[in-house]
Structure formats: C-alpha cells, structure tokens
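Trainee: heads up, no residue letters with this:
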C-alpha cells in the first residue's frame, strides 16, 4: 500500500490517490484534499461530504450521485455546481472514500 502526506497527515492511497483506509480521514485532511483539486469548501460542501461519510459507515459503499440526491435531498444539478465536472469522483476523493461503482 502506498502512503501519502498532506497537511501533516500520513494516509494510505491507491494508484489514483483515493484513501484506502477511510478511518485515516479527518475534516482537516478533507479540506486539504479539496484544495488540491481546486475546491474551496463551504458549509454546503461539508453537508454533502458528511452525508457521504455517514452513508458509507452504514452501507460499506460510496453513494452514487443518484443516492446522494435521493437520500440527502441535494439535487444533482447542485452537486455538479459544488463539485464541477466529475462530482461523484470528487466527492468520494474529498470524503476519503473509494470511488463509487461505475465511476471511471
């Protein structure tokens, strides 16, 4: 397993840079990961990230955009505004979770 260090945190990552041990994640690390991909976190961003982390803890899988929309109430259009271009992948990356199934 490869390790990386960011914002003073050492964590395990896969070949794409996604955390492989979700328990190593903190909100401080999430903010640093977001900054790395050009996203400045607002409370709206954090609500989505916290939803993803809670949902992952319950299901063991990273939620898809459709699930985030239906369970959190955040419309897909807003998810694209918050996390432009590839929102599912970016949300999972920031949340320290695996890419959702079907994400390329």
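Mentor: Yep, that arrived. All values reported here derive from a predicted model rather than from experimental measurement.
Trainee: now do the buried residues in the longest helix anywhere in the chain.
Mentor: Identified as the longest helix of the chain according to DSSP state H is helix 43-59. Buried residues in helix 43-59, counted by 16 or more other Cβ atoms under 10 Å: 45, 48, 49, 51, 52, 53, 55, 56. To be clear about C-beta, it is placed using only N, CA and C from the backbone, and glycine gets the same treatment.
Trainee: contact partners of stretch 80-95?
Mentor: 17-18, 25, 30, 33-34, 37, 39, 41-42, 44-45, 48-49, 52-53, 56, 62, 64-65, 68, 76, 79, 98-100, 103 (Cβ atoms under 8 Å, 6 or more residues apart in numbering).
Trainee: one step back: the longest helix of the chain: what's the following helix or strand?
Mentor: helix 65-72 (DSSP states H and E).
Trainee: filter the contacts of stretch 80-95 down to the buried ones.
Mentor: Neighbour-count burial (16+ other Cβ under 10 Å) applied to the contacts of stretch 80-95 gives 18, 25, 30, 33-34, 39, 41, 45, 48-49, 52-53, 56, 62, 65, 68, 79, 98-100.
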